[in-house]
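Mind looking at a prediction? Sequence and model below.
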Amino acid sequence: MAIRTILTQGDPALNKACHPVTRFDDKLADLLDDLRETLTEANGVGLAAPQIGILRRAVIVVPDPESDEMIELVNPEILAQEGEQDGWEGCLSLPGMWGKVKRPNWVRVRAQDRYGNWFETEGEDMAARCFCHELEHLEGHMYDEHADRLYTAEELDEIMSQEEKEENAKRRRRRRR
């Protein structure tokens, strides 16, 4: 296993569609292990093979950041989606930047594991967001294509602080009624 360099916006590999995985061998296992180790080192919640320069349809997703569980998805596709959520996203390939993006609130994904066995998984809220975000990388797309604009971490902190103040003020007004 090795920690790989995560490519950043501007690298042409991030704008290319990935090829399906057809060989479920030690090379794929090494790729998945490297994705896992690189993601852990970067403290992220998802990483796609093109983000480390490998144009194959493979991603690692952390469906719940409070857990250590990581899901390996090879040749994934979204089978169904429902609802809508609007939330903040960042990306290891756009370090220090954030954007507000609309995503489905629930998705069902079909994929293969490292041995070629098909399975289905689903997720809602953050997990759905993460599945959608990572699968877009496999098509050569990034979340910033959906965001009206990108914000620095400092700008995001200011926005979140202001939203929290507004929410606290609403709660106080409700309690007074």
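Yes, it's here.

give me the number of residues near Ala13?
Counted with other Cβ atoms under 10 Å, residues neighbouring Ala13 total 16. Heads up, the C-betas are built off the backbone N, CA and C, glycines and all.

Is it correct that it falls within a strand?
No - residue assignment for Ala13, taken from DSSP: H, G, I helix; E, B strand; the rest coil, gives helix, which places it outside any strand.

So it sits against Ala49, correct?
No - the criterion here is Cβ atoms under 8 Å, and Ala13 misses it with Ala49 at 9.5 Å.

if I look at the two, which residues touch both of them?
Leu55 (Cβ atoms under 8 Å, 6 or more residues apart in numbering).

partner residues bridging Arg103?
Beta-bridge partners recorded for Arg103 (DSSP bridges): Gln85.

center of the chain - which residue?
Cys130 (3.6 Å; Cα atoms, centre = their mean).

Phi, psi for that one please.
Backbone geometry at Cys130, expressed as degrees, to the nearest 10, gives phi -70, psi -40.

My read is that it contacts Val45, right?
Yes - counting by Cβ under 8 Å, Val45 is a contact partner of Cys130 at 5.4 Å.

Now for those two: what residues contact both?
Joint contacts of Cys130 and Val45 (Cβ under 8 Å, 6+ apart) are 61-62.

Would you mark the buried spots in stretch 26-37?
28, 31-32, 34-37 (16 or more other Cβ atoms under 10 Å).

Take those and keep only those in helices.
28, 31-32, 34-37 (DSSP state H).

Show me what the helix or strand bottoming out on mean pLDDT in the chain packs onto, helices and strands only.
Ranked by mean pLDDT, DSSP states H and E, the weakest helix or strand in the chain is helix 153-176, scoring a mean of 87. Helices and strands touching helix 153-176, by 3 or more Cβ pairs under 8 Å, 6 or more residues apart in numbering; DSSP states H and E, are strand 94-103.

Now tell me what touches the strand it packs on from outside.
Residues contacting strand 94-103 (Cβ under 8 Å, 6+ apart): 8-9, 84-91, 128-129, 132-133, 142-144, 146-153, 155-156.

rerun at 7 Å
8-9, 84-90, 128-129, 132, 142-144, 146-153, 156 (Cβ atoms under 7 Å, 6 or more residues apart in numbering).

Trp98 versus Glu84, what's the distance?
For Glu84, the distance to Trp98 (Cβ to Cβ, to the nearest Å) stands at 19 Å.
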